[in-house]
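Peer 1: make a model of this:
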Amino acid sequence: MMGRNETDESHSLRGPIDRSALLTIRTIIEREEPLAAPSLDDYLNPTVLEVLLDDGLCRAESARIDVQWTTQADYKFHYTDVDDVNFRWGKHPHDGDYIHVHEFEHYHPPPDATADSDDVEQSCIEQSVEALVTRAVLKLWRVAYHAGSYDPLNAASNPP
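Peer 2: Numbers count the residues shown, from 1 in each chain. Now for the predicted structure:
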């Protein structure tokens, strides 16, 4: 599998990483997704929650979701798999560069999680509490997993 994907996105999350939020997210994933094994990169001073998946979407045999959550409630849930497919949900300022995005919540579609302003979409996840966002991401991933398609990833009503 690829190393941690460094995004070409010029916009960044505000504030330091929120360890407490990442611990909450980790607990929810451990409890609700049997294909996932979440772990912090550093328990005391984490920068990312790495969620290894025993199976990926479509034909991918394995995958990972990297989660970052800040003290300002900005976040990224970035999926990457062994077939080099990437997508992500995010919430953070983007300087109005994403022409189809009205607020901070946005979605970078597969296959490459592009930051091209024409391709980034408004996210169907409009919640801002880490527990609700995590459950929405898990549900969207699970629906796409069972459908064998990327189409359901951003096609739900809020909250998914």
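Peer 1: which of the helices or strands spans Asp116?
Peer 2: For Asp116, there is no helix or strand it lies in under DSSP states H and E.
Peer 1: then the one 3 residues further on?
Peer 2: Using DSSP H and E, Asp119 sits in no helix or strand.
Peer 1: what's near enough to touch it?
Peer 2: 108-109 (CB atoms under 8 Å, 6 or more residues apart in numbering). (C-beta placed from N, C-alpha, C; glycine too.)
Peer 1: where in the protein is pLDDT low?
Peer 2: 1-11, 95-97, 99, 159 (pLDDT under 70).
Peer 1: can you give me the neighbour number for the closest residue to Gln72 other than its chain neighbours?
Peer 2: In this structure, Gln72 finds its nearest non-sequential neighbour in Gly15, 3.7 Å apart by CB to CB, 6 or more residues apart in numbering. The number of residues packed near Gly15 is 12, by other CB atoms under 10 Å.
Peer 1: would you mark the buried spots in stretch 129-145?
Peer 2: Residues of stretch 129-145 classed as buried by neighbour count (16 or more other CB atoms under 10 Å): 130, 132-141, 143-145.
Peer 1: closest one to Asp151 out of these, please.
Peer 2: Asp151 has its nearest neighbour among these in Ala144, at 7.4 Å by CB to CB.
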